[in-house]
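**Student:** the sequence isn't on hand, but the structure is:
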């Protein structure tokens, strides 16, 4: 008796549902993602082969641009400290800042780049307006180093807590600017800070490269090795 042959049919997979799910997930991630905002203070930092990454929390940052101007800022997570800093500066210098002007310092991404005589008008600016004006920077010369006041207020605001003090300087920044910043730090006995640089790959064949390779393998390396 002859066998009955079952006709073969081509197998087809309906991908419509999978495509719909993929586009839904893509739309979700696009709509919920928070992109890093562009920096209002743009500086080109010198390169280094340091392996440690810069801390992001409880940061007091001093920025020096290529024109020799100095800026002061505090990370957004330290909102309570920022409030204490602007209150102390306002009281110390009799600036008569309003709550709205103080809010300009508390705003996310805020920084200071003007002398105290211009601080009221500066804090009333929007973030967009700040990018459209040329700021003179905080005075840091020997006769009038206003950065000392900001650092003193920051030191008091972080009293009893760890403050991560960082310096971020442009590769073209001149020595007098750096000296003025150091004078302000020394005046407040703030001698430990971290320099922010652009990381470079460690040159192969160097002793530093060998040590990092050993550490990557979990091998402990002492200073004498």
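**Tutor:** Cool, the structure landed. Treat the numbers as computed from the prediction; the structure is a model and nothing was measured.
**Student:** okay, CA-based contacts and neighbour counts for the rest of this
**Tutor:** Noted.
**Student:** got the buried residues for stretch 100-120?
**Tutor:** Residues of stretch 100-120 classed as buried under the neighbour-count rule (16 or more other CA atoms under 10 Å) are 101-106, 110-116, 119-120.
**Student:** list of residues touching it?
**Tutor:** 69-76, 79, 82-83, 86-87, 93, 95, 97, 122-127, 135-139, 146 (CA atoms under 8 Å, 6 or more residues apart in numbering).
**Student:** list of residues touching stretch 135-143?
**Tutor:** Contacts for stretch 135-143 (CA under 8 Å, 6+ apart): 69-72, 112-115, 145-147, 177, 180-181, 184.
**Student:** so which strand or helix has residue 101?
**Tutor:** Following DSSP states H and E, the helix or strand that holds residue 101 is helix 99-106.
**Student:** sorry, slip of the keys, the one I care about is residue 97.
**Tutor:** Residue 97 is part of no helix or strand, with elements assigned from DSSP H and E.
**Student:** could you do residue 31 as well?
**Tutor:** In this structure, residue 31 sits in helix 16-32 according to DSSP H and E.
**Student:** which among the contacts of stretch 100-120 end up buried?
**Tutor:** If you count burial by 16+ other CA under 10 Å, the buried members of the contacts of stretch 100-120 come out as 69-76, 79, 82, 86-87, 97, 122-124, 127, 135, 137-139, 146.
**Student:** confidence-wise, which helix or strand of the chain is lowest on average?
**Tutor:** Considering only helices and strands, the least confidently modelled element of the chain by mean pLDDT, DSSP states H and E is strand 47-48, at a mean of 52.
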